[in-house]
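Engineer: what follows is a protein structure lacking sequence information:
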């Protein structure tokens, strides 16, 4: 099996966890590979992925080997595989656009960023770099709220002929125009806004679906999240949260059976707690009524390292894109998008999305009989 070459936009904590995982699983066997949904997809294992191009805007990352960049501040995720070898891939200066919130400059460099004194590339330069790298799949790890920057890189992926995985809540796969453009170019597209492997949204969805299927009336619910990484620091700017709140809220509303009024559901990042670093804590409450109109409520607290939690999904999304490229399939990958992302073009319950993804992997239509 040849390597799957990827391009990464944003060498933050999520990229760090993904790259650590690629090397970690190279040393595992199928029996020992804890934490994977699939050991192989289309004959490809996690260790068959390699970084071919990377873009960032931080002086501590630009011009450095990817290996150095993922260990540089303000990255703070768990180092479960700290001995990532040098990759030979130098992090290139990216386009800033709206990829940086103005308030980030109000904090010390250890917590935020140091601007690289390097000219920003234009579209042609980025496209040329992508083509030269041989990358087949691009992953978008820009900060929440990077609307213009995400569209810039999605356009570069289209022009350079790369599949695109949109891990943030900017609507690309769920925008009919972008979906049409990737379909016309016969390039796979997965998105939008990556679900964690076992995170707040997937738990909230499962419980909302359980309420619905067990005949429990859901009256109101909240999901409050805190963390100490740069993602949570970035989201202190509430102006950047519109699409994030839509993405997370719709993921739950879609499986609730009966949509809750806006005043009875609150889902979104709540605060930045520096000492939590990459640990994310979710506080979840659901209030409802069972038989005889009798009240019931659930309170749940989830604590999890945020970035490895998303890397377990990204590993599979990359391999699904590669599988689609090999089959000549372009456009939105409906099953993988519904299973891996919070805001796909069309929402399905998680069992259906899981089944669609499994059928995609083995190359069979979801309705086809074995």
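Structural biologist: Nice, I can see it. Fair warning: this is a prediction, and the values are worked out from it, not measured in the lab. Numbers count the residues shown, from 1 in each chain.

Engineer: for burial, what's the neighbour tally of the closest residue to residue 73 other than its chain neighbours?
Structural biologist: Nearest residue to residue 73 in three dimensions, chain neighbours excluded: residue 110, at 5.4 Å (Cβ to Cβ, 6 or more residues apart in numbering). No exception for glycine: its C-beta is placed from N, CA and C like everyone else's. When counting by other Cβ atoms under 10 Å, one arrives at 10 neighbours for residue 110.

Engineer: touching, residue 110 and residue 76? I think so.
Structural biologist: No: using Cβ atoms under 8 Å as the test, residue 110 is too far from residue 76 to be in contact (9.5 Å).

Engineer: just the helices from the stretch 1-150 of the chain, written as ranges.
Structural biologist: 13-26, 66-69, 123-133, 147-160 (DSSP state H, counting those that start in this stretch).

Engineer: return the most buried member of the ones you listed.
Structural biologist: Mean neighbours per residue, mean count of other Cβ atoms under 10 Å, is largest over the helices of the stretch 1-150 of the chain for helix 13-26, with a mean of 24.

Engineer: about what we covered before: which one of the helices of the stretch 1-150 of the chain lies nearest to residue 313?
Structural biologist: Nearest of the helices of the stretch 1-150 of the chain to residue 313, taken as Cβ to Cβ: helix 13-26 at 9.8 Å.

Engineer: that closest one - contacts with which helices or strands?
Structural biologist: Applying 3 or more Cβ pairs under 8 Å, 6 or more residues apart in numbering; DSSP states H and E, we find helix 13-26 packed against strand 49-56, helix 306-327.

Engineer: chain center to the shortest one, what's the gap?
Structural biologist: The reference is to strand 49-56. Put simply, strand 49-56 sits 16 Å off its chain's centre (Cα atoms, centre = their mean, to the nearest Å).

Engineer: which parts of this protein are strands?
Structural biologist: With DSSP state E as the criterion, the chain has strands at 4-9, 49-56, 92-93, 137-140, 163-166, 188-190, 217-227, 265-272, 279-290, 294-305, 331-332.

Engineer: partners of the fourth one, with directions?
Structural biologist: Sheet pairing for strand 137-140, assigned by DSSP bridges, gives strand 4-9 (parallel), strand 163-166 (parallel).

Engineer: for residue 97, which of those strands is the nearest?
Structural biologist: strand 4-9 (11.5 Å).

Engineer: mean confidence (pLDDT) on the closest one, please.
Structural biologist: Strand 4-9 carries an average pLDDT of 98.

Engineer: so where's the protein shaky on pLDDT?
Structural biologist: By pLDDT under 70, the low-scoring segments of the chain are 1, 365-370.

Engineer: go with 50
Structural biologist: Applying pLDDT under 50 to the chain picks out residues 367, 369-370.

Engineer: give the residue farthest from the middle of it.
Structural biologist: Here the chain reaches farthest from its C-alpha mean at residue 292, the gap being 41.5 Å by Cα atoms, centre = their mean.

Engineer: surely residue 360 meets residue 319?
Structural biologist: No: judged on Cβ under 8 Å, residue 360 makes no contact with residue 319 at a distance of 11.1 Å.

Engineer: okay, now residue 248: neighbour count?
Structural biologist: Residue 248 - counted by other Cβ under 10 Å - has 24 other residues nearby.

Engineer: ok, now which ones touch it?
Structural biologist: Residues in contact with residue 248, defined by Cβ atoms under 8 Å, 6 or more residues apart in numbering, are 169, 193, 200-201, 223, 267-268, 342.

Engineer: got it, and residue 39?
Structural biologist: Counting by Cβ under 8 Å, 6+ apart, residue 39 makes contact with 30, 33, 45.

Engineer: quick one: contacts for the first one?
Structural biologist: Residue 30 makes contact with 39-40, according to Cβ under 8 Å, 6+ apart.
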